[in-house]
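>>> Coordinates for the following, if possible.
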Amino acid sequence: MNSYIHRLTDWLIGKRYFVVFVLLTVLACGVIAYRKLPLEAFPDIANMQVRVITLVPGKAPEEVERLVTIPIEKEVNGIPNSKAPRSISIFGLSVVTVVFDDHAEPYNARQQVLERLANVDLPEGVKPEIEPNASPVGEIYRYTLQGSHWSSMDRKETQDWLLNRLFKSVDGIVDSTGFGGPTRTFLVEMDPGRLRAFSVSQNDIRRAIAKSNDSTGGSYVVSNDQRYMVRGLGLLKTVEDIEGVVISSSREGTPVRVKDVATVKISAAVRKGQVGLDDDDDAVEGILLMRRGDNPSRVIENLKEAWGDIESQLPEGMKIVPLQDRTALVDKTIETISHNVAEGIVLVVVILMLFLFQVRSALICSIVIPTALLASCIALKGFNISANLLSLGAIDFGIIVDGAVIMVENIMRRISRAGDDPDSLRLGICEAASEMAQPILFSTVIIAITFLPILTFEHVEGRLFKPLAVMMNLVLFAAVLTTILVVPVICYIVFRLKPPVHRENPMVIKLETFYERLTGKLQKHARMVIASFLVFFALSGALVPLLGAEFIPELEEGNIWLTANIRPVSVSLENAVEIARKIRKVMRSYPETTSALTQIGSPDDGTDPNPYNLIAVLVGLRPQSEWRSQFHSKEELIHSMNEEINRVAPGLFLSFSQCIKDSMEEAMSGVKNGEYAVKVFGPDLHTLEGIAGRVASVLRSVPGIVDVGQDNILGQPQMIIEIDRKAAAREGISTEEVLDIVETSIGGKVVTRVLEGERRFAVVLRLAEKYRDDLNELPNIEVTAPSGLKLPLRQLARVQQMEGANSILRDENKRRVAVFANIRGRDLGSAVLESQSKIAKEIKLPPGYSLAFAGEFERARAAGERLAVVVPATLVIIFIMLYLVFDSAYFAILAMGAVPVAAAVAIVVLFLSGTNLSVSSGVGLIVLFGLSIQNAVIIVSSMKSMMSREAMASTEAICQAASAKLNAVLIAALVAAVGLAPAAMSTGIGSQSQKPFAIVIACGILPATLLTLLLLPALAKVLNRLFGLSASRSSEDI
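Numbering: from 1, shown residues only. Reported below is the predicted structural model:
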């Protein structure tokens, strides 16, 4: 290979101007590709899901579960690549979630769910729908619709009938969900007394109104050679039209109209939820969801282009006020990462100048950075892959220039004696390039191989870190090509104009002299050195149990997502609104907040199913630099808010999180309001709630576990109307007729719809409020028998009060209750282990009941188990490669000696920095292995070359090689450290997930390299004895 590289380098130098032209072309194309490359701040790390949403107006959770949820669950079971469904049944709503693994294709998964739904046996009129094709974390924009002289009903109407359509027409927006505001309806409130006086039944009114709202066509007629279409119009338009509908007529022919027996008015439909913003108790909110797989930056750009046209169609005085914009998150992440990248590049260049002692040499090495980055952007654009900002922020520019540093440093050594002769300069560069090309290429391949374990990641960790592995491999590939093909040519062009004066860095000279003397002593006491390293490795292993554990560090989003559970669960909407007002007032009393929005219950379309007793609060935060000095961290701010809310609204169960994080946790575990959950499975709701209460008590006793709560499944008062079938049969009345009267009288029933242009409004028939809300009046509701006899409901049914379900949750085809919590002031791993131990000791389950733990720690455990298999396999692959390249187990083992050193150093770094073990720090450890092996390979390759070329003994060769390559290895380690130092110290938004990765490398590579330099001479001597080699044997004998 060396001769081939020699000839190739010589040919490229001869075509140097063409090489420069190609380089400039790549840079120009890279800039264009970068500008067009879609950027995303946070990758979509949620799993593929299809949710089936079914509205069942007026039905209690028990009926919703029995009639809708269970039949749907049974039908969607067993879809390929899917897991057991999970569901929630609340008043009037069923939501069944089918979760798929990473192998499922989104559109195929949705199609299979739709096909299964066609076979579900559901009550008449119940139509399940699947939600739009959006990710659970696909929210990209949230706004409120405001207008001082417009009522909340007007704003709600504008949101539902105008903005919903306009936003969906924007490319990339798959759904626009309205939340809050009363829905306009035409309400017909019947008076039982007047119904009795005019001998009119509910069915009479229903039929009359429905038949009076219609239009028809009479084909056409021809007159005067013209064809006239015939239209019969009889549509209801106003309240007066409905009031004037004739129900029947008396014997004297006097018509009985709707207004004679009922009051007609425009009113609000029964509300599923309500939104409040700051001082407004009845705000109207809009939430825009992005199509799954689309890029947020591109979608937001499309949205901004359409913004002017959308606003121009709003009624005068009404405006859209942004509340949360994903652009802000992207911009802040870009700012953080750009700052880290710029600092990393500057630090790398400065270090190169200091150690190479040549400005020109440092700048030549630096060419690799923009070339590799921009070339990788071309590849990403070509393959239509979006750039993940978190991955870009974790690129170590020191690693990128490692090969170039080694190449330039070797070229300078070679040509320092060439003088002004261009031929000698050219020959020296070709020889230097051919000498180092193979070690550089091989060491780069080793680093690329260390990313193989990352490419095996699945689920959340795979979606988060695979882009990093792909990006780093692209950058490394571009960097090694630039180093081997371009750097020697640039060196010839630059140094031909003015040959370099090879000046050794005085500090490096002293280090080399000191190290050369030290290697002899290290070999003299080889056994003691090896023993010392073994002790160090053992001590570092003893630190592992002291390290905290977590899945991935929490990504800072710049907001607070608070959920407040109210007890009792039967709280009215009005009472919940009052509590929400108090919470908003507390939040806005903090200057650190920018807004406070509360959501009670669910939106009308059921996409976020919650009962009235659950209040969700979205709090916008100012940058931490603008906070008061008393709050040094977000945890301190949350602690203060928690205490203040408990003071003004005692008895609430509070859980603090972040908007995206909460959505992600719910998507992954099916549990809201916590990063750690204990699921209790079993058939009986009362037993489940009792077990959950005991589990919650155990969790509260564990230090660091906070915000403990549980699903509120019981406690909803119910009026049970049980039909007496025999009594009804005696009067000739069917059960269906009685139930229909109950549903219409109390809950209300849509009998027809009024059309106003493109808008449709329900006409709802029900009893007047004073009769409907009086529990004593319910048994007196009249039912008309076929004979015309009016019978009170109490003669046909038993009416009684009892407590029922507030919500029913199911998971894996079983009922379940979840106890949820957050972890603060302690690492996740130790808190979970302690809680599990206590639960095992204190909780005894009856037959038929079981527990399951869910949350981030489960994914951390799964990722750890995968790494425990893949990392050793990767190291075996690297060893085999080393053996094949060196053609010797001796040299392969010597190079692999850097691995335990790197592992021990990484553990110490994590312990001293207070960084938890996580997937991110594990990825850093893997990369640290690769960098350490790379440095060892450079020394061992030089050692083997000396033994072959100069017939030098192995023990002497390792000392000479380590001394000769000391400068190159130290520079490589130092630039790798400073390249990620800004990311390791960063605290800005977007830096959290990669910070442990950066800390391990930035703080670990230099001490690992220094210790490897101390280990290799001693290890070489010990290996000589193990392999039965004498000190004089050359490389051919090994």
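>>> Look at the residue of the chain positioned farthest from its centre and tell me its secondary structure.
What lies farthest from the middle of the chain is Glu252; by Cα atoms, centre = their mean that is 72.0 Å. Counting by DSSP: H, G, I helix; E, B strand; the rest coil, the backbone at Glu252 sits in coil.
>>> mind listing the strands in the stretch 251-400 of the chain by residue range?
255-257, 262-268, 273-277, 280-291, 319-325, 387-388 (DSSP state E, counting those that start in this stretch).
>>> Among those, single out whichever gets nearest to Ser434.
Of all the strands of the stretch 251-400 of the chain, strand 387-388 sits nearest to Ser434, with 35.5 Å by Cβ to Cβ. Backbone N, C-alpha and C define where each C-beta goes, glycine included.
>>> The stretch 101-250 of the chain: strands as residue ranges?
129-130, 134-146, 173-179, 184-190, 214-223, 226-234, 246-249.
>>> and Met668, how many residues sit next to it?
Per other Cβ atoms under 10 Å, the neighbour tally for Met668 reads 21.
>>> Phi, psi for it please.
Main-chain dihedrals, Met668, degrees, to the nearest 10: phi -80, psi -40.
>>> So what's the residue count around the closest residue to Ser366 other than its chain neighbours?
Spatially, and ignoring its direct neighbours in sequence, Ser366 is nearest to Val349 (5.2 Å; Cβ to Cβ, 6 or more residues apart in numbering). When neighbours are counted by other Cβ under 10 Å, Val349 registers 20.
>>> just the one 5 residues further on next, same as before
Close neighbours of Leu354, defined as other Cβ under 10 Å, add up to 14.
>>> now Arg51
22.
>>> Tell me which residues touch it, please.
95-98, 130-131, 607 (Cβ atoms under 8 Å, 6 or more residues apart in numbering).
>>> Can you add pLDDT and give the residues you listed back as a markdown table?
Output for these, formatted as a markdown table (pLDDT from 0 to 100):
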| residue | pLDDT |
| --- | --- |
| Val95 | 93 |
| Val96 | 94 |
| Thr97 | 92 |
| Val98 | 92 |
| Ile130 | 91 |
| Glu131 | 89 |
| Thr607 | 81 |
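>>> Turn those into a markdown table, including distance to Val50.
Below are the contacts of Arg51 laid out as a markdown table (distance: Cβ to Cβ, whole Å):
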| residue | distance to Val50 |
| --- | --- |
| Val95 | 11 |
| Val96 | 9 |
| Thr97 | 8 |
| Val98 | 5 |
| Ile130 | 6 |
| Glu131 | 8 |
| Thr607 | 13 |
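>>> hey, what's Ser94 bridged with?
Thr54, Ser89 (DSSP bridges).
>>> does it really touch Thr69, like I thought?
Yes: judged on Cβ atoms under 8 Å, Ser94 makes contact with Thr69 at a distance of 4.6 Å.
>>> Name the residue in these two with the higher neighbour count.
Taking other Cβ under 10 Å, Ser94 and Thr69 do not tie; Ser94 has more neighbours (30 against 26).
>>> gap between the more buried one and Glu736?
22 Å (Cβ to Cβ, to the nearest Å).
>>> and if you look at Asn384?
57 Å.
>>> count of neighbours near Ser640?
15.
>>> what does stretch 561-578 contact?
271, 274, 276, 281, 579, 583, 600-601, 611-619, 641, 645, 649, 651-659, 661-662, 672-673, 709, 712, 714-717, 806.
>>> how about the nearest residue to Ala362, chain neighbours excluded?
That would be Leu352: by Cβ to Cβ, 6+ apart, it lies 3.7 Å from Ala362.
>>> got it, and Gly829?
Counting by Cβ to Cβ, 6+ apart, the residue nearest Gly829 is Ala549, at 2.5 Å.
>>> What strand or helix carries the residue nearest to Lys237 when sequence neighbours are not counted?
Counting by Cβ to Cβ, 6+ apart, Lys237 lies nearest to Val754, which is 6.6 Å off, once chain neighbours are set aside. Under the criterion of DSSP states H and E, Val754 resides in strand 749-756.
>>> for that strand, what is the average pLDDT?
Strand 749-756 shows a mean pLDDT of 91.
>>> any weak-confidence spans in the stretch 151-300 of the chain?
For the stretch 151-300 of the chain, residues meeting the criterion pLDDT under 70 lie at 251.
>>> still on that earlier bit, determine which of the strands of the stretch 101-250 of the chain approaches Asp10 most closely.
strand 134-146 (53.9 Å).
>>> before we move on, back to that, export the strands of the stretch 251-400 of the chain to JSON lines and tack on distance to Trp11 and mean neighbour count?
Listed next are the strands of the stretch 251-400 of the chain as JSON lines, based on distance: least, Cβ to Cβ, whole Å; neighbours: other Cβ atoms under 10 Å:
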{"stretch": "strand 255-257", "distance to Trp11": "100", "mean neighbour count": "17"}
{"stretch": "strand 262-268", "distance to Trp11": "81", "mean neighbour count": "17"}
{"stretch": "strand 273-277", "distance to Trp11": "69", "mean neighbour count": "23"}
{"stretch": "strand 280-291", "distance to Trp11": "50", "mean neighbour count": "22"}
{"stretch": "strand 319-325", "distance to Trp11": "54", "mean neighbour count": "16"}
{"stretch": "strand 387-388", "distance to Trp11": "35", "mean neighbour count": "22"}
